[in-house]
Every structure is written in structure tokens, then in C-alpha cells.
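Participant: Fold the following, please.
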Amino acid sequence: MALTVQNFIKLANFYNQMVMMMSAICVQKGGIATENYAGRFFAADTLEFVYEYGRRLLEKNKTAVPSDVAAVIEKFREQYEQVKDLTTPTQKPIYEMTLEEFERVMNI
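Facilitator: Next up is the predicted model:
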């Protein structure tokens, strides 16, 4: 996927629609808190992807990114900082991990 502002806007719209649907599901399931919803992990992974796409877009072509899009990227960064502990960890082979990484993956 080429890094373009249009693609970022599509991804951002997808994420926003998904969050709205998750909220509706939580209400439908009896008003459960979104922090307790099983889909929160997928949402965190999706947010990480969308934010990283926007960050790379800014890094590649800062002058080509409109200020309102840059503001959305910053908003996604702030949201991501709040949920980054819910994202799926990037796995390395065990033999390439440091002791701290191994302990974190093994939840020791």
C-alpha cells in the first residue's frame, strides 16, 4: 500500500467506524465497559496500525500532509499511548530475544 493521505483517511475512517460499532455492541450486550470487551485487543492492534501508517506518512512527506490530517495523526498517537499495552506483541524468535524480552513474552 503506497503511503498516501487518501489511504490514511480511509484507514482512519475504518478505525472510527469500528470503534463506533464496538460501542454499540457493548451497549447491546448489557452496557459492558469497553475495557471489558474482548474486541479491545483487535481495536488496539488496529489503532497501532493506523497510527504507525500516519507516522510514516508524516516522516516521508511532512509538507504533503495537510495540517488537519497531521492533527488526526497526533490524536491517534495520544489514543495509542493509552492502549499500547493491549496490542499484540511483535514476536521475535526466542534465540534473538534479550532476557527482558523473553521474560515479558513468557509473562514472568
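
Participant: Pull out the buried positions in the helix or strand hosting Leu58.
Facilitator: Secondary-structure element containing Leu58, defined by DSSP states H and E: helix 40-60. By neighbour count on 16 or more other CB atoms under 10 Å, the buried set for helix 40-60 is 40, 43-44, 46-48, 50-51, 53-54, 57-58. Just so you know, the C-beta spots here come from the backbone N, C-alpha and C atoms, and that holds for glycine as well.

Participant: That helix packs against which elements?
Facilitator: Packing partners of helix 40-60 (3 or more CB pairs under 8 Å, 6 or more residues apart in numbering; DSSP states H and E): helix 5-28, helix 67-83.

Participant: and those helices as TSV, adding mean pLDDT, distance to Met97 and mean neighbour count?
Facilitator: What follows is the helices and strands packed on helix 40-60, written out as TSV (pLDDT from 0 to 100; distance: least, CB to CB, whole Å; neighbours: other CB atoms under 10 Å):
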stretch	mean pLDDT	distance to Met97	mean neighbour count
helix 5-28	96	30	14
helix 67-83	94	24	14
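
Participant: now those as CSV including distance to Glu103?
Facilitator: Shown next, in CSV, are those (distance: least, CB to CB, whole Å):
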stretch, distance to Glu103
helix 5-28, 32
helix 67-83, 22
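
Participant: how about those, which one is nearest Glu100?
Facilitator: Proximity of the helices and strands packed on helix 40-60 to Glu100 was assessed by CB to CB; the nearest stretch is helix 67-83, lying at 20.9 Å.
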